[in-house]
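Participant: The following comprises the amino acid sequence and a computationally predicted model.
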Amino acid sequence: MKRSMKSAARKKAKADSPAPSGGDEPGGYTMRISRMTVDKLGVRLYDTVSAAVSELIANGYDADADRVSVDLPLATQLAKKVSPSKKPGTVSLPWEDVGHTIEVVDDGHGMTPGDAKRHFLVVGRERRKHTSQGAVSPKYKRPVMGRKGIGKLAPFGICRRIEIISAGGSRSAKGYLVSHFVMDYDRILSESDEAVPLDAGALDGTHADKAGTTIKLSHFLGKRVPDQETFMRQLARRFAPTKGFSILVRDSKLAGSQPCVVGPLDVPIQEATRVDLAERPVTTPDGEVLPVTGWLALARDAYKDEETTGVRIYARGKIVGWTRDFEQPAGYTGEFTMRSYLVGEVTAEWLDKDDGDDLVRTDRQGILWDSEYGHALRLWGSALIKELGTASREPRRKRVSDIFISASEIEKRANAQFSDPEVVDAALDLAKKIGGFAAEDELKDPVYIEELASIILNIAPHTALMDAFREFESALTLHGEPTLENLQNLFGKTRVAEMASYGQIAHERVRVIRKLEKIVVKDTDEAAFQDLIAEAPWLIEPTWSVISENESLRNFKDHFEQWFKKTRGLDVTLAIRQEKKRPDFTLVEVGQRLHIVEIKASGHAFDDADYDRLGNYIDAFDEFFRSFDTVRAEFPHGYRIQLVADEVKIKKPANKQAFEAAIEKQKLVQSRWFDFLNRAKKSHEEFLRIASKLDKIGVGSQTA
C-alpha cells in the first residue's frame, strides 16, 4: 500500500514539474498540456483571426523585433464548410481545409532548439519572474507584454496546425542556430497529461543568416479574414503606437502586393471636447496617485465600427481593456451621448505590474473593475464623463442642428412659404433649437426630417407673432403708445399666423378625405372606417371642429359599458377618438347632443340581423338616458345614431317599422358611402382644388 502511494506521488510530481531543460541538439521537442488548458486558453479566448495573430505579434515585440510582418489572405473564408457524413459509424469535421496559410515573421532575437524547449514549450509559467527571461526584453529593455505564457496557444482558436521556424542564440561562423517544430492540435490535445512529442521540421538544427521567428498557421477552422481596412483597424486597436516597432500586413492572395504599415487608429473627434490625461492622474481611496497618459474625447460621428468604439485601455504597449463609459450604472446624465460618442486612449502601466495582482483578463480585453485599482479607474472615468458631457453639450447641439438645417433645407422652404423675413428668421431659430436635440441617427431618416421641418414651419408664424406682441408691449412701456409701425408689424404677424393655422387645418382635412376615398374604393372592412371617424368626426358633419373629447363623453362611455354589461350581460366597446379595442360604436359629442356612429363596410346591405343588433342598442340608449339624470343634463338634446351603409334590406315588418320610426324621431340618420364621401369633398372642395395643383408641381406629397 505504501509503495503504491509513493509511486503515485512520484507520478504526480513528474506531471507537475516543468519541462526538463533541453540542450541545443536537434529534435527532442515535447509539450505537456491538459485538454482543458488548450480548450479554455486557446480556442475559446482567441476565436478571431486578429486576436490570434495579435498574440504572435506580441511575442515578436517581446523578442525585441523592430518589425513584424503578417502575410494572410484578406477577405477570405479560411476553410470550406462540408456536409456531415451520412455513412454509419463515420465522423466528419464540419470544415474542410482548402490550403490557406497565415505567416507571421519577426526580426527579433529568435530561439535556438534549447530556448524553445526551456521557454517556449512551457505553458503557464510566469515569464517575468523567471531568471532566464525576466520582465524586460534583453536588447531594447521593453516591458514585455507576455505574462502567463499562453499566447502561443492563441492560434489554436482558429487553426489546428502551428509550424515554428526560429533562428536565435549567439551568431556562429555558420550563422544562427535554427529550431523547427510543429504543434499539432490533435496530438497535443491527448487525454493524458504526459509530455507529447512534437515533430521536428526539416530545418531543425540548421543555421540561418539572420535571427528571427516565422510562425505558419494552417488547417483552419471556419474562420474568415476580414477585408484589409477592417483587419488593419483590428490590429491597430490592440497595440498602442510604439516608437521603433512596426507591424506590416500583406495580402497573400495578390501576387506582388506590397505590405501596408499598421498605423495608429484614426478616430475623428470633436476637438473642442478633447481632454489630455497627462495631468489627470487616478487617485485611489488611500491617496495613492496613479499616473495615466492619453486622451478622451467625443467622436465626430456616432460609432460606425467595433474597432473605433469606446475607450481603449493600454499597458505595456498592448490593449488590456475597453469601455464605453467606465462601467457607469445606467441612468446617468448624458448616457446616450457617452455610449454613442465617447472615445479615447488611456495608458495605465500600473494595471499590469510585474509584482502586483493580475488585473487583466487572460485575453486582454477587460480589466477587473472590482479591484482596488479598477474601482479607482471607474470613479476617475465617471468624473471625466461628467466634465465631457458639460463641455460637449453646446458644440454637439450646434453640430446636430447644422446637419438638420442642411438636410431639411428649412431656410429655402421658409422663404418660399413666408414673405415676412422675420417669420423666416423665426423658422431658422426654431430649427437651430429643436434640431439640436435630435439624435444623429434620426437625422438619417428622411421621414423624421420632413416631419420635424413641417412642425417648425407651422410653429414659426406663431413664434414671430409672440415676438411682435413682446415688441408691442415694450413700445407701450417705453413710449406710452404704440407707433404705426408697431401696429403694422403686429397685424402682419397676426395675419401670417392665422393663415398658417388655416393652412394646417386644410392640410389635415385633405389628408383625411383622401384616406377616406381610398378606404371606400378598396371596400375596406368597417374597422378602418371606425378608426377614421374617431380621428376626424367632422366627416359626419363638416361644420364640426372637435379639438378634444369632453370629460362628459368619457364618463358616458365608462358608465354605459358597465351598465350594459350588468343589465344585458354583454360587452360593448364605445370609442372616443382612437381606442385600442375594436369599437362597436364611435362616440362624438358636439354641442348638447351625443352622436353615435354605426358603420357598415362599403357595399354592405343593412339587413334584419344588423337591425336586431342595432335595435337592442337603441332600446339600451333610451333606457340609459331615462334612468340617469346626469346623462340627460349633459346631453339635453339626447342622442342620434348616424348609420353609414350603402343599402337597407330589412324584410321583417316589425324591424322595418321600428327602423322607420327611429328615422322619423331623428334617433337614426342614414347616409350612403358615396353621399358621405361626396359631402365631405364638397365641403372642402377649395382645399382639394389647391392640393391638386400642388400635387401637379410636386409640392403636395405631404397631403397624400
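Facilitator: Nice, thanks for sending it over. Numbers count the residues shown, from 1 in each chain.

Participant: Relative to Thr308, how far out is Leu74?
Facilitator: 19 Å (C-beta to C-beta, to the nearest Å). For every residue, glycine as well, the C-beta is placed using N, CA and C.

Participant: now do Asp266
Facilitator: Separation of Asp266 from Thr308 (C-beta to C-beta): 8 Å.

Participant: Which of these two has more residues huddled nearby?
Facilitator: Thr308 (18 against 9; other C-beta atoms under 10 Å).

Participant: List the residues that contact that one.
Facilitator: Residues near Thr308 by C-beta atoms under 8 Å, 6 or more residues apart in numbering: 233, 237, 265, 267, 299, 343.

Participant: tell me which element it is part of?
Facilitator: In this structure, Thr308 sits in neither a helix nor a strand according to DSSP states H and E.

Participant: need the strands for the stretch 151-300 of the chain, in chain order.
Facilitator: Along the stretch 151-300 of the chain, counting by DSSP state E, counting those that start in this stretch, strands occupy 159-172, 175-184, 196-197, 199-200, 207-208, 212-220, 224-225, 246-251, 260-261, 275-276, 282-283, 289-290, 293-298.

Participant: closest to Asp355 out of those?
Facilitator: strand 289-290 (15.4 Å; C-beta to C-beta).

Participant: how far does that closest one sit from the chain's center?
Facilitator: Offset of strand 289-290 from its chain centre (C-alpha atoms, centre = their mean, to the nearest Å): 35 Å.

Participant: With stretch 661-680 instead?
Facilitator: Offset of stretch 661-680 from its chain centre (C-alpha atoms, centre = their mean): 53 Å.

Participant: Now that stretch: buried residues?
Facilitator: 662, 667-668, 670-671, 673, 676-677, 680 (16 or more other C-beta atoms under 10 Å).

Participant: again, but for stretch 110-126
Facilitator: By 16+ other C-beta under 10 Å, the buried positions in stretch 110-126 come out as 110-123.

Participant: Which of these fall in helices?
Facilitator: With DSSP state H as the criterion, helices contain 113-115 from among the buried residues of stretch 110-126.

Participant: circling back: lowest average pLDDT across the strands of the stretch 151-300 of the chain?
Facilitator: Ranked by mean pLDDT, the strands of the stretch 151-300 of the chain bottom out at strand 196-197, with a mean of 84.

Participant: That strand pairs with which strands?
Facilitator: Using DSSP bridges, the strands paired with strand 196-197 are strand 30-31 (antiparallel).

Participant: so how far is the first residue of stretch 69-76 from its last?
Facilitator: End-to-end distance of stretch 69-76 (C-alpha to C-alpha, to the nearest Å): 19 Å.

Participant: A helix includes Val346, no?
Facilitator: No: going by DSSP: H, G, I helix; E, B strand; the rest coil, the assignment for Val346 is strand, not a helix.

Participant: Run through the residues that contact it.
Facilitator: Val346 touches 277, 292-294, 296, 311-314, counting by C-beta under 8 Å, 6+ apart.

Participant: let's see it at 7 Å
Facilitator: 277, 292, 294, 311, 313-314 (C-beta atoms under 7 Å, 6 or more residues apart in numbering).

Participant: do Ile410 as well
Facilitator: Counted by C-beta under 7 Å, 6+ apart, Ile410 has contacts 427-428, 431, 453, 456.

Participant: how far away is it from Leu235?
Facilitator: 44 Å.

Participant: Next: Ile164.
Facilitator: From Ile164 to Leu235 the distance is 21 Å (C-beta to C-beta).

Participant: out of these two, which sits in the busier spot?
Facilitator: Ile164 (22 against 19).
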